[in-house]
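**Q** please work out how this folds:
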Amino acid sequence: MRALTAIDTADPVAFRHAVARALDGENPLALGFRPSDEDRVPDGTAVVIATSGSTGVPKRVVLSAAALRASASATAARVGSGSWLLALAPGYVAGLQVVVRSVLAGTTPAVLPGRFHAAEFCALAAELSAGGARLSSLVPAQLGDLLDLAGHDPAAATALRTFDALLIGGQALAPALRARAADLGVRIVRTYGSSETAGGCVYDGVPLDGVRVAQVDGELRIGGPTLADGYLGDPAQTADRFLRAEGARWYRTGDLGEISDDGVVAVTGRADNVIVSGGVNVSLDRVERVVRTVPGLGSALVVPVPDERWGQGSAIVVPGGIDTGTEDPAEASLAVVRLLDAVRDAVAAEIGPAARPSLLLPVRTLPLLASGKPDRRALSALAARTHAL
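**A** Numbers count the residues shown, from 1 in each chain. Down below sits the predicted model:
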């Protein structure tokens, strides 16, 4: 058993060097937490990542060098190997994998310092080496900012088109964003995975080489060489999420999904992202997909709120506000009411009356987690306060 080494991710050169050593079996790293003297990991461990994932429950995921290498190699086989632009926090698995892939490719990633800014990202793209593939990994909110800039800045649009692939993960990608990227000729790849699978392991619905995906009672399970060893200091949770079946080891994702006859995986939502409205179980992921088909709400989020009458309800959060097309307050208010009515009708027709959202909440600035994902808990709390007024 070996001790963990705390590492400062703020220095990209030192961090890349530390990751390279960890991949060679030296000095396993602790990311996102300060290890204690009692925190020991097996030989072969490269990184332990602190994450709350989609559930909000703190976990420390143990990843071996073999799992990280298998994931990076499979990614290179799918999208190419070359120069990466790091725009995500390296303390999270998606950012870490950008560094791992760079190490294995023998390149040094260009690093976007500080908070994400679309203009800086596009300017930094020019510094990527012309040899090999040009790649980056982003969350949907970042892609949205880039497409907004590219919509009125031809130089930015040109910069985005130079990438061989922009990997988009961390949350569901709105169809409207995907369509905008296609219209601009920007090549994106939707990824699905988690810290427990060493990052994205299903690209555009197709598992990476060596990765297996199965569906058991509606839940997706993932197997293959990219799986984590488990959770540090938590054997009970490790046993709950990682199991052996049919002679293989599997990770229970907690995600609901479907697998087509030709093996294409479609994630339909979280098993735990369900409310009970008037005695009816309602998947908020499903509500969100319907909401995003309504014009003007392509990037909307749906979060739970308490409801005195029905027990639980939902609110639609609209990043950047709502364009009502008028500056008259009364007309703007009426336009918002009409939009909410249209959404409620669409949701009722597709899912049922119990699933209808009760609130439309515009927000100028979307609160984000350190990983770049929307902070849905903060949004839910904000929506609950607004709903109570």
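
**Q** and the closest residue to residue 129 other than its chain neighbours, how many neighbours does it have?
**A** Counting by CB to CB, 6 or more residues apart in numbering, residue 129 lies nearest to residue 83, which is 4.3 Å off, once chain neighbours are set aside. (Glycine included, C-beta is placed from N, CA and C.) Applying other CB atoms under 10 Å, we find 23 other residues in the vicinity of residue 83.

**Q** now residue 20
**A** When neighbours are counted by other CB under 10 Å, residue 20 registers 15.

**Q** for residue 194, see how far away it is.
**A** When distances are taken as CB to CB, to the nearest Å, residue 20 and residue 194 turn out to be 24 Å apart.

**Q** what about the helix or strand where the residue nearest to residue 129 lies, distance to the chain center?
**A** Following DSSP states H and E, the helix or strand that holds residue 83 is strand 82-86. In this view, strand 82-86 has its centroid 19 Å away from the chain centroid, taken as CA atoms, centre = their mean, to the nearest Å.

**Q** that strand packs against which elements?
**A** Packing contacts for strand 82-86, counted by 3 or more CB pairs under 8 Å, 6 or more residues apart in numbering; DSSP states H and E, involve helix 93-105, strand 110-111, helix 118-125, strand 133-138.

**Q** residue contacts, the residue nearest to residue 129?
**A** Contacts of residue 83 were listed using CB atoms under 8 Å, 6 or more residues apart in numbering, and they are 102, 105, 107, 109-110, 128-129, 131-135.

**Q** okay, those in a markdown table with pLDDT next?
**A** Compiled in a markdown table, these are given as follows (pLDDT from 0 to 100):
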| residue | pLDDT |
| --- | --- |
| 102 | 96 |
| 105 | 95 |
| 107 | 94 |
| 109 | 95 |
| 110 | 95 |
| 128 | 88 |
| 129 | 79 |
| 131 | 79 |
| 132 | 89 |
| 133 | 95 |
| 134 | 96 |
| 135 | 97 |
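
**Q** buried ones among those?
**A** Among the contacts of residue 83, the ones that count as buried by 16 or more other CB atoms under 10 Å are 102, 105, 107, 109-110, 128, 132-135.

**Q** need those in JSON lines with distance to residue 161, can you?
**A** JSON lines is the format used below for those (distance: CB to CB, whole Å):
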{"residue": "102", "distance to residue 161": "22"}
{"residue": "105", "distance to residue 161": "22"}
{"residue": "107", "distance to residue 161": "21"}
{"residue": "109", "distance to residue 161": "20"}
{"residue": "110", "distance to residue 161": "17"}
{"residue": "128", "distance to residue 161": "13"}
{"residue": "132", "distance to residue 161": "17"}
{"residue": "133", "distance to residue 161": "14"}
{"residue": "134", "distance to residue 161": "10"}
{"residue": "135", "distance to residue 161": "14"}
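
**Q** with respect to residue 301, which of those is nearest?
**A** Comparing those against residue 301 with CB to CB places residue 135 closest, at 27.4 Å.

**Q** show me what that closest one is bridged to.
**A** According to DSSP bridges, the partner residues bridging residue 135 are residue 84, residue 165.

**Q** if we can go back for a sec, and of the buried ones among the contacts of residue 83, the nearest to residue 52?
**A** residue 109 (25.5 Å).

**Q** how close does the closest one sit to residue 98?
**A** If you measure residue 109 against residue 98 using CB to CB, the figure is 6 Å.

**Q** next, the buried residues of the host helix or strand of residue 343.
**A** Secondary structure assignment for residue 343, by DSSP H and E: helix 329-350. Within helix 329-350, the residues scored as buried using 16+ other CB under 10 Å are 335, 339-340, 343-344, 346-347.
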